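S.K.: Dropping the sequence and predicted coords here.
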There are 2 protein chains.
Amino acid sequence: MARKIPEGEFRNKERTKLKLIQAVGVIIRTEGYTKLGVNRIADTAGVSKKLIYRYFGNADKLIETYVKGEDYWMMFSTSDQEPIEESVEDQGQAAIARMLKSLYEHLESSPEARKIIVWEISEKSQLMKEVSQNREKFGAPILAQLDAFFDSSDIDIRGILSLLLGGIYYINLHSNSTGGNFCEIENQSEERKKRIFKSLEAILEWTYEEAGKQKTREKTPSK
Amino acid sequence: MARKIPEGEFRNKERTKLKLIQAVGVIIRTEGYTKLGVNRIADTAGVSKKLIYRYFGNADKLIETYVKGEDYWMMFSTSDQEPIEESVEDQGQAAIARMLKSLYEHLESSPEARKIIVWEISEKSQLMKEVSQNREKFGAPILAQLDAFFDSSDIDIRGILSLLLGGIYYINLHSNSTGGNFCEIENQSEERKKRIFKSLEAILEWTYEEAGKQKTREKTPSK
DNA sequence: GAATTTTGTCACCACTTGGAGATATAATGA
DNA sequence: TCATTATATCTCCAAGTGGTGACAAAATTC
């Protein structure tokens, strides 16, 4: 018969594992993913590094359990995300605008999220590949819903959105590190956010407008 | 009287300095900036690391002389960059489109350029801050020229451009590492480039169109 | 109580890092 | 030819890396 797992006050496997996992988060937040190693992790967890090997195999596996436990897979706060169907009449324009804005705000407010993104584009690791792929999987149904409206137009909604998404990512990553201006827009200011949001909305507006124009032209092919 | 600098076949200061500087480039290209250190640099240069300290002070100074010697300051191939004035009638629309496209192609074809950008957004180093600031300085006159056209409109050309520039950066950085799709657009394909270019042109077109509309409305304030 | 198993620490290994001092040697000037 | 000087290498150091085996101590079972 298997022996009961010790759950004493001083020796408690699960508690120690949690300490190690949380230490990973602390290090990413304060020192960056580059500093993730058995020694640092064990030190910040206040525990022997030997346990990392015993409980997780190695540092990578431990990091993996941390990253997969967080919701970096989506990057959106799923709570304030009303269903897209709610906005059928505007073909999801408002919903997309909301998503892009909340992505911006999430990146702006979460140093950890920024660090993870930088991590993704810095290394060719299997872990980061998975994180990236899962984000794609998350976006798929949203893109599928947009196709209904844009398929009949000349607009490449995926092309437009990758530019906007990439722009949001980069602008926030840029401010994270060097801190200088970008396109002469001051860094990390309310002013910048306002300007980016306005431009974002304008581009989306034009995109939908153009697609709408092409749709009506299609219905009434007379010049 | 100062002694002549030795220029022998075996002992030649300038040649050795060049070897070290070039080694920096090799490492960035093949292993990434994270691997830049006295030991690696000296090894790839095939020279004693002591010389890095004698000739440059430390590794950072050596790296600085390398980076400043390259044209990462601008990121555009200045050769095919016709003067913007050439296109006064379209208010620089074609010139901007050309610049954005050539930036995309430069990032696409140069792993080193991508690595430098990742470097910029990864670390808070003085060197990378300077690189970033100089790029800003390079863009300033271009932005200034656009103001003449956009100032009287509601369009925030700097906001639009930071989204587009950031988008171009991110799309290429993303493909560099994980390699997965982005917004369901396949990676590093001619297809992707075509789609991004088309979206880029569309957004620019809408931007200029809208600004033009507001300009004529201004001239004839009648509704 | 004693025996056993799990949890945890510690000391150690080989290796790499940035950096410095001692020393050898090639290039120069006489 | 021989001393001087700049160039280059070599060895050593302390600190940090990932990883492991020996051992202590707590929790469990008998």
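M.R.: Good, I have the coordinates.

S.K.: What helices and strands are in contact with the host helix or strand of residue A:100?
M.R.: Assigned by DSSP states H and E, residue A:100 belongs to helix A:93-109. Under the contact criterion of 3 or more Cβ pairs under 8 Å, 6 or more residues apart in numbering or on different chains; DSSP states H and E, helix A:93-109 touches helix A:111-122, helix A:126-150, helix A:157-176, helix A:190-219. From N, CA and C alone the C-beta is placed, and that goes for glycine too.

S.K.: try it again with 7 Å
M.R.: Counting contacts by 3 or more Cβ pairs under 7 Å, 6 or more residues apart in numbering or on different chains; DSSP states H and E, helix A:93-109 is packed against helix A:111-122, helix A:157-176, helix A:190-219.

S.K.: List the buried residues in it.
M.R.: Buried residues in helix A:93-109, counted by 16 or more other Cβ atoms under 10 Å in any protein chain shown: A:93-101, A:103-104, A:106-108.

S.K.: How far does it sit from its chain's centre?
M.R.: 11 Å (Cα atoms, centre = their mean, to the nearest Å).

S.K.: do stretch A:61-70 as well
M.R.: Using Cα atoms, centre = their mean, the offset of stretch A:61-70 from its chain centre is 15 Å.

S.K.: Just confirm yes or no for that stretch near chain B.
M.R.: No - Stretch A:61-70 lies apart from chain B when judged by Cβ under 7 Å from any Cβ of the partner chain; the minimum separation is 13.6 Å.

S.K.: Stretch A:182-189 too?
M.R.: Yes - using Cβ under 7 Å from any Cβ, stretch A:182-189 reaches chain B at A:182-185.

S.K.: Show me which of these are buried.
M.R.: Buried, going by 16+ other Cβ under 10 Å: A:182-183, A:185, out of the residues of stretch A:182-189 next to chain B.

S.K.: Relative to residue B:207, how far out is residue A:216?
M.R.: Distance, residue A:216 to residue B:207, using Cβ to Cβ, to the nearest Å: 23 Å.

S.K.: Give me the domain ranges for chain A.
M.R.: Per automatic domain parsing, the structural domains of chain A span A:13-69, A:78-217.

S.K.: what about chain A, any weak spots by pLDDT?
M.R.: A:1-2, A:71, A:73-88, A:217-223 (pLDDT under 70).

S.K.: Around DNA strand C, which positions in it sit nearby?
M.R.: A:3, A:5-6, A:10-13, A:15-16, A:46-51, A:54 (Cβ under 7 Å from any atom of the strand).

S.K.: give me that answer again for 10 Å
M.R.: A:2-17, A:19-20, A:39, A:42, A:45-55 (Cβ under 10 Å from any atom of the strand).

S.K.: could the helices and strands packed on helix A:93-109 go into JSON lines alongside distance to residue A:66 and mean neighbour count?
M.R.: Formatted as JSON lines, the helices and strands packed on helix A:93-109 follow (distance: least, Cβ to Cβ, whole Å; neighbours: other Cβ atoms under 10 Å in any protein chain shown):
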{"stretch": "helix A:111-122", "distance to residue A:66": "11", "mean neighbour count": "21"}
{"stretch": "helix A:157-176", "distance to residue A:66": "20", "mean neighbour count": "25"}
{"stretch": "helix A:190-219", "distance to residue A:66": "30", "mean neighbour count": "16"}
